[in-house]
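Asker: Quick one, what's the 3D model for this:
(one chain, ligands or ions: 1)
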Amino acid sequence: MKIGIPKEIKPAERRVAATPAGVKAMVDHGHQVLVQAGAGAGSGFGDDQFAGAGARLLDQAAEVWAEAEMILKVKEPIAPEFDYMRPGQVLFTYLHLAANRELTDRLLAKEIIGVAYETVQLADGTLPLLAPMSEVAGRLSVQVGAHCLEYPSGGMGILLSGVSGVRPARVTVIGGGVAGLAAAVVAVGMKARVSILDVNAARLRYIEDLLGDRLVTVMSNPANIEAECLKSHLVIGSVLIPGAKAPKLISRELVRGMIPGSAIVDIAVDQGGCAETTRPTTHAKPTYVEESVVHYAVTNMPGAVPRTSTIALTNVTLAYALAMASKGWRRAMAEDPALAKGLNLHRGELVCPPVAEAFGLACQAINL
Ligand SMILES: NC(=O)c1ccc[n+]([C@@H]2O[C@H](COP(=O)([O-])OP(=O)(O)OC[C@H]3O[C@@H](n4cnc5c(N)ncnc54)[C@H](O)[C@@H]3O)[C@@H](O)[C@H]2O)c1
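Answerer: Residues are numbered from 1 along each chain as shown. Modelled structure (predicted):
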């Protein structure tokens, strides 16, 4: 199959849909890979590396889209890309259609086969193509949180790890899923005193088994959240209720009561945030101080580390891309129900129930 990898053009997006190693795997499986020149630059991958992996470099996005049977991307297409699409072309990328009616209508009109990373779902309900970005955000949250606690950032001037003879900072992680556990792992690695809260007792038991000698697990309820936040220097919000806005677990009043110069990193900001004082920020100006607490609430945290994020993304998307390229999307989905859940759009029809529900539209069943 001819697989196309255009350069991402959404503002501030520096990831690319495949690494040179990923391209090599596709070429080794007998596929032709067309990469737009410069596509990997933001992630530190040069054209020469893609060429060395066996890709054919093309100057213009239009050429890549025109030749490829399947397009691999990172972000949803934006205006200049719509004109390149043609009926029956497979587009495998993050789409997030439920949040964007206009995009949904544009892509339906293009009659493409739209396969969304974020709805590929394993039998246990987990989302394998979202997880690596949560892992990146979780690990990064402690790094940026430590920075927020430094005096020049508006923080109280406490070193997360402490030093000999001086206590380290206290860190509370609310939500012990993929992002929360990743945060906890880094925080204990940096010698902070860590507590982690979740409403899921089985998840707390798992974390206790994993790290119980290095952190404290606490059942999440309003009283425990308040007690932990009031004594913490860094609070990390990483809750998720799938498909819903994040619950407001940290009230403004509670923020007011926190240690002055402490910090909140609200990873869940992309779902509205779990602190009442959270408002979305960007990498250009990631923090603000409210109620004497430094807030970090960047909605696309993985964007700060495009190289790691690109490699992490390729690690999980490659097998699905290869399956569709080698077997055709229809057979690949017939053989893998997890991938089948990724199918959102089929030649002008909506085929993903949650997306159809979000707009009150009919959802067509598709016979794979
Ligand atoms: N800002 C960013 O750049 C960025 C990047 C990746 C993910 N995220 C966001 O991070 C959040 C976490 O993602 P994830 O992949 O770790 O989700 P996940 O489903 O793996 O984990 C969420 C956890 O929250 C727990 N939870 C739900 N309600 C709770 C409550 N009231 N108190 C405590 N815990 C509660 C769940 O039991 C679950 O363990 C999501 O909102 C996601 O969108 C943000």
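
Asker: Show me which residues of the stretch 101-250 of the chain sit near the ligand.
Answerer: Applying C-beta under 6 Å from any ligand atom, one finds that the stretch 101-250 of the chain approaches the ligand through 133-134, 137, 174-180, 197-200, 203, 220, 238-241, 246-247, 249. (C-beta placed from N, C-alpha, C; glycine too.)

Asker: distance of residue 175 from residue 21?
Answerer: Distance from residue 175 to residue 21, counting by C-beta to C-beta, to the nearest Å: 32 Å.

Asker: Looking at the two, which one has more neighbours?
Answerer: Using other C-beta atoms under 10 Å as the criterion, residue 175 and residue 21 rank with residue 175 on top: 29 against 14.

Asker: how deep is the closest residue to that one other than its chain neighbours tucked in, by neighbour count?
Answerer: With C-beta to C-beta, 6 or more residues apart in numbering as the criterion, residue 175 has its nearest non-adjacent residue at 3.5 Å, and that residue is residue 239. Residues near residue 239, counting by other C-beta under 10 Å, number 24.

Asker: In contact with the closest residue to the ligand within the stretch 51-200 of the chain, which residues?
Answerer: With C-beta to the nearest ligand atom, the shortest gap between the stretch 51-200 of the chain and the ligand falls at residue 177, namely 1.6 Å. Applying C-beta atoms under 8 Å, 6 or more residues apart in numbering to residue 177 gives the contacts 134, 198, 203, 238, 239, 240.

Asker: Could you do residue 150 as well?
Answerer: Residue 150 is in contact with residue 157, counting by C-beta under 8 Å, 6+ apart.

Asker: what's the pLDDT at it?
Answerer: pLDDT for residue 150: 97.

Asker: how close does the residue positioned nearest the centre of the chain get to residue 306?
Answerer: With distances taken as C-alpha atoms, centre = their mean, residue 133 lies nearest the centre of the chain, 3.3 Å away. Applying C-beta to C-beta, the value for residue 133 to residue 306 is 12 Å.

Asker: which helices and strands does the lowest-mean-pLDDT helix or strand in the chain pack with?
Answerer: The helix or strand of the chain with the lowest confidence, counting by mean pLDDT, DSSP states H and E, is helix 353-359 at a mean of 88. Using 3 or more C-beta pairs under 8 Å, 6 or more residues apart in numbering; DSSP states H and E, the elements in contact with helix 353-359 are helix 101-110.

Asker: Return the distance of the helix it packs on from the chain's centre.
Answerer: Centroid separation for helix 101-110 versus its chain: 23 Å, with C-alpha atoms, centre = their mean, to the nearest Å.

Asker: The next helix or strand after that helix packs against which elements?
Answerer: Downstream of helix 101-110, the next assigned helix or strand under DSSP states H and E is strand 113-116. Under the contact criterion of 3+ C-beta pairs under 8 Å, 6+ apart, strand 113-116 touches strand 90-93, strand 343-346.

Asker: Now render those strands as a markdown table, adding mean pLDDT, distance to residue 81 and mean neighbour count.
Answerer: Below are the helices and strands packed on strand 113-116 laid out as a markdown table (pLDDT from 0 to 100; distance: least, C-beta to C-beta, whole Å; neighbours: other C-beta atoms under 10 Å):
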| stretch | mean pLDDT | distance to residue 81 | mean neighbour count |
| --- | --- | --- | --- |
| strand 90-93 | 98 | 9 | 23 |
| strand 343-346 | 97 | 15 | 22 |
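
Asker: if you average pLDDT over whatever helix or strand residue 229 lives in, what comes out?
Answerer: Per DSSP H and E, residue 229 falls inside helix 222-230. For helix 222-230, mean pLDDT is 98.

Asker: if we can go back for a sec, verify the stated contact: the residue nearest to residue 175 with residue 249.
Answerer: Yes - Residue 239 lies in contact with residue 249 (C-beta atoms under 8 Å); the separation is 6.7 Å.

Asker: Having no further points to raise, I will conclude here.
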